[in-house]
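Asker: Sequence and predicted structure, then a few things I'm wondering about:
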Amino acid sequence: MSKVVLNVTMSLDGFMAGPDISAEHPMGRGGLRLHEWIFDTSGSEVDAAITREVSDSTGAVVLGRRTFDVGVEVWEDTPFPVPCFVLTHNARSQMVMKSGTFTFITAGVESALQQAQTAAGGKDVTLMGADIAQQALRARLLDEINLQIAPVLMGDGRRLFDHLGKEHIELERSRILASPHVTHMRFRVTHARNTPSSGVPAPALDG
């Protein structure tokens, strides 16, 4: 079955976008700083390899309506050339783009992920947006977090890991790579797929 993966860049103080997210500022004011490692043509081979890995491994995308609303004009297409599923409260017909189709899902995050996994053809389902990530974590449907830590303190903006409740969520680090621009870390979410928690923390890796 396809893995559900969150690919995201976060500031050292926990923000994945700046404040005042809008169509004019899709990443919030100052938020583009977080993605400099992607667009810097002088970037390292480590950064380029991670960008290729995410693109090559993505078979479908699930994103929230807000992410769609502020991003679609910037992308002028789907964010990846794959089927994209938008979780929304307002039903609407499919939107066919150059590289893929936006399908709007009103039945909840579990339904959106199920449809995306069917469409992904065995590749990863990539999540986009803090709210979608939080919903998937709360529902124990997120398998991996591919996290880039940018060396900046944003001070304000959209936090990645808000609204998770009081549940203890264990992560197992599976990779860490450094570049001059960001630190790339990959984690497995050890209680994914609705597996009941044993109450015993998973063993920590060194470092």
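Answerer: That came in fine, so what should we check first?
Asker: C-terminal to the longest helix along the chain, what's the next element?
Answerer: Longest helix in the chain by number of residues (criterion: DSSP state H): helix 45-57. Reading on from helix 45-57 to the C-terminus, the next helix or strand found by DSSP states H and E is strand 58-64.
Asker: Tell me where the protein has strands.
Answerer: Ranges of strands in the chain, per DSSP state E, are 4-11, 15-17, 58-64, 84-87, 95-96, 101-105, 124-128, 144-150, 158-159, 171-178, 183-189.
Asker: tell me which strands and helices the lowest-mean-pLDDT helix or strand in the chain is in contact with?
Answerer: Within the chain, no helix or strand scores below helix 36-39, which has a mean of 88 by mean pLDDT, DSSP states H and E. In terms of contacts (3 or more Cβ pairs under 8 Å, 6 or more residues apart in numbering; DSSP states H and E), helix 36-39 is packed against helix 45-57, strand 144-150. The C-beta positions use only the backbone N, C-alpha and C, and glycine is treated the same way.
Asker: Out of these, which gets nearest to residue 122?
Answerer: With Cβ to Cβ as the measure, helix 45-57 is the member of those nearest residue 122 (10.3 Å).
Asker: Run the angle between the closest one and strand 144-150 for me.
Answerer: Between the axes of helix 45-57 and strand 144-150, defined by axes from the mean of the first three to the mean of the last three Cα atoms, to 10 degrees, the angle is 150 degrees.
Asker: hang on, the earlier thing: what's the most buried one of the helices and strands packed on helix 36-39?
Answerer: The highest average neighbour count among the helices and strands packed on helix 36-39, using mean count of other Cβ atoms under 10 Å, belongs to strand 144-150 at a mean of 20.
Asker: What strands line up against that one, and which way round?
Answerer: Take DSSP bridges as the rule and strand 144-150 pairs in its sheet with strand 4-11 (parallel), strand 183-189 (antiparallel).
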